[in-house]
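>>> just coords:
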């Protein structure tokens, strides 16, 4: 659907750009919210409440602060990188060489 | 020479030989590859190099020890020093890579103005330099313990090796050397950690198994006059934990020597994936560190609790010689322990030694102890080399070439860069031998400065076209004006008196407030003054899309790839 937008009868240039940028920002805001909730929320603001729950010897808040937050960060970056690859392709702005191969 | 010294020497000589060989193999002569190593660095390798660049003596040598004594409150370092990569990957790396210039001040200069560039270059040099001092000192500690030479000698050897390969190799050499250094340091960190986990719990996965000893640790710690290990905010109020974590995160995202590594990737896509690989490699150490802290502390406390002074384990005697472990005068039996001499406990331990001493504390064989020493050196060297590169590029490119001699050719700029590196090493040696403050405080300084100066204006520069030069300059100055005086007020730097923090805000956390001030001032001043010129708004628009224009059907756009970054526009 988005591809047709920059076919022969392109609407003003800014249109697909604005859409691409908006999607990028939306993805970012979602992922950064999770980033904030897991680290500052679970690891700091609500750590004492979570510590009442214990799993495999770890008080849960303590586990988030020393292990869980780091794993979450890693997954967030991976999701961002993969989703942005897809978004770049969708809007035709991925970096490719003369043969259309990914650089 | 003891067995430990023999193995330490073997591992250090071997690993140094590898680093120097790699640097010599990839030596370069032209400016571009000296600073950014444009081609031929695969994403995974770049990730490993970023990880080594980032993980300094503080991460390898100090962090687990800090956590061992801070317990739950030590989490601020774990989250703070990893969470910044999320910000880097989403807010800065892809866009700065699309811009594709040599240095961070370069971006600031083109986005805002020459004046802001000079301010940024000065900040980059100060930040990187304070950080180098910490590395010199960390390297010195390793040598003075394991080779039995003084701190001065240790710092001199470390500095000499760093200088040699940083000057020879440039960025390409440094990148591949750092891949080797990452390998050395992660092996050196994991082997003792896994061995200790196996020994204590029977489960060789430290990340999982340290949960099973937390109750024991709480119990024995309380018995010896320490805080509960898993209790949150035992030593630090919540507001401060919040501010410190935030300052470390945005400081990480604003550190010039980290940002510059994302210029090394071939594509914008590569910079996002590099951030993932970098954090993956970093996480291996960062999720192991709290386990190392917990196990080492348990072993340490069990080894000394209630033990008469004349029957203490031998590692204590070894380390007592460095002055980093001490037993109070009239003690006969060890009943209390602390990391702070002011507590007047029976035994006082400097937290910096815990990782280096952990194999000895657990009674592991000498080759492993030697390996840990080589790992600590790898961490210090790799970070110092990356920092020296930033100093050298800021001096030769942003000051000399841009401000003093616009006609300087490649060779002249390279020479100036190398001279700057040499001078930085000499000053760092002096400062590493006589640090102006404790290493941890020096590092806190670097993070606070990066957080309050670079991060806000870089983010605004990318995400808000309206931000102009006056706003950025005012924001940076305001951020620094809040942060620096507060740090000097609360820390003992260059002999100034140490004062009590205001409203529980520690000097490590003030960078967050500085950054907020920077954001607010930059936005208000930009709003009150005129729009930035049209061509700058177009530049900002342009960096938001990896390829210049969308490809319609099979047509390929000439601008795609944008690999030509540094060649155009900089000369």
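Sure, I can see it. Nothing here was measured: the structure is a model prediction, and the numbers come from that model. Residues are numbered from 1 along each chain as shown, chains lettered A, B, ... in the order given.
>>> the nearest residue to residue B:227 once chain neighbours are set aside: what secondary structure?
Setting aside the residues directly before and after it, residue B:227 is nearest to residue B:234 in space (Cβ to Cβ, 6 or more residues apart in numbering or on different chains), at 4.0 Å. Yep, even glycine has a C-beta here, placed from its N, CA and C like the rest. When classified by DSSP: H, G, I helix; E, B strand; the rest coil, residue B:234 comes out as coil.
>>> and residue B:234, what pLDDT?
As predicted, residue B:234 sits at a pLDDT of 75.
>>> got the buried residues for stretch B:309-319?
B:309, B:312, B:315-316, B:318-319 (16 or more other Cβ atoms under 10 Å in any protein chain shown).
>>> nearest to residue A:56, of these?
residue B:315 (30.7 Å; Cβ to Cβ).
>>> surely that closest one meets residue B:359?
No. Look at residue B:315 against residue B:359 with Cβ atoms under 8 Å: they stay out of range, at 9.1 Å.
>>> mind checking the pLDDT average for stretch B:125-142?
For stretch B:125-142, the mean confidence score works out to 80.
>>> how close does residue B:100 get to chain A?
12 Å (Cβ to the nearest Cβ, to the nearest Å).
>>> make that residue B:394, sorry
Distance from residue B:394 to chain A, by Cβ to the nearest Cβ: 28 Å.
>>> which residues sit in contact with that residue?
B:103, B:105, B:121, B:124-125, B:128, B:256 (Cβ atoms under 8 Å, 6 or more residues apart in numbering or on different chains).
>>> what's downstream of the helix or strand of chain B with the lowest mean pLDDT, the next helix or strand?
Least confident element among the helices and strands of chain B, by mean pLDDT, DSSP states H and E: helix B:31-35 (a mean of 53). Under the assignment DSSP states H and E, the closest C-terminal helix or strand after helix B:31-35 is helix B:43-54.
>>> helices or strands up against that next one?
helix B:151-201, helix B:256-259, helix B:268-304, helix B:366-393 (3 or more Cβ pairs under 8 Å, 6 or more residues apart in numbering or on different chains; DSSP states H and E).
>>> circling back to that earlier point, keep only those of the buried residues of stretch B:309-319 that are in helices.
Within the buried residues of stretch B:309-319, residues falling in helices by DSSP state H are B:315-316, B:318-319.
>>> now, which of those residues lie close to chain A?
Residues of those in contact with chain A (Cβ under 8 Å from any Cβ of the partner chain): none.
>>> among those residues, which pair sits farthest apart?
B:316 and B:318 (7.2 Å).
>>> which residues are in contact with both of those two?
Common contacts of residue B:316 and residue B:318, defined by Cβ under 8 Å, 6+ apart, are absent altogether.
>>> so where's chain A uncertain?
Confidence mapping of chain A against pLDDT under 70 gives the ranges A:1-14, A:98-101, A:103.
>>> next one: residue B:18 relative to residue B:374, how far apart?
Per Cβ to Cβ, to the nearest Å, residue B:18 is found 10 Å from residue B:374.
>>> quick one, which of the two is more surrounded?
Neighbour totals were compared for residue B:18 and residue B:374, and residue B:374 leads with 26 against 16 (other Cβ atoms under 10 Å in any protein chain shown).
>>> quick one: the more buried one and residue B:184 touch, right?
Yes. Here residue B:374 reaches residue B:184: they are 5.9 Å apart, a contact under Cβ under 8 Å.
>>> whichever strand or helix holds residue A:74 vs helix B:43-54, what angle?
Using DSSP H and E, residue A:74 sits in helix A:69-90. Calculated by axes from the mean of the first three to the mean of the last three Cα atoms, to 10 degrees, helix A:69-90 forms an angle of 140 degrees with helix B:43-54.
>>> quick one: helix A:69-90 to helix B:268-304, angle?
Going by the same axes, to 10 degrees, helix A:69-90 makes 170 degrees with helix B:268-304.
>>> and helix A:69-90, is it in reach of chain B?
Yes. Using Cβ under 8 Å from any Cβ, helix A:69-90 reaches chain B at A:69-71, A:73-74, A:76-78, A:80-81, A:84-85, A:88.
>>> ok, the residue lying closest to residue B:184 once chain neighbours are set aside to chain A distance?
Spatial nearest neighbour of residue B:184, excluding adjacent residues (Cβ to Cβ, 6+ apart): residue B:378 at 4.3 Å. Counting by Cβ to the nearest Cβ, the gap from residue B:378 to chain A is 22 Å.
>>> tell me who's in contact with the residue nearest to the spatial centre of chain A.
For chain A, residue A:80 is the residue whose C-alpha lies nearest the centre (Cα atoms, centre = their mean; 3.5 Å). Contact partners of residue A:80, counting by Cβ under 8 Å, 6+ apart, are A:27-28, A:31, B:89-90, B:272.
>>> let me know the closest of these to residue B:486.
Here the nearest of the contacts of residue A:80 to residue B:486, counting by Cβ to Cβ, is residue B:90; it sits at 29.1 Å.
>>> which strands and helices sit next to the strand or helix carrying residue B:245?
Taking DSSP H and E as the definition, one finds residue B:245 inside helix B:238-254. Applying 3+ Cβ pairs under 8 Å, 6+ apart, one finds that helix B:238-254 makes contact with helix B:75-87, helix B:439-463, helix B:510-528.
>>> ok, which of these comes nearest chain A?
Nearest of these to chain A, taken as Cβ to the nearest Cβ: helix B:75-87 at 3.5 Å.
>>> state the mean pLDDT of that closest one.
In this model, helix B:75-87 has a mean pLDDT of 91.
>>> list the buried ones in that helix?
In helix B:75-87, counting by 16+ other Cβ under 10 Å, buried: B:75-87.
>>> is it in proximity to chain A?
Yes. Helix B:75-87 is in contact with chain A by Cβ under 8 Å from any Cβ, via B:75, B:78-79, B:82-83, B:85-87.
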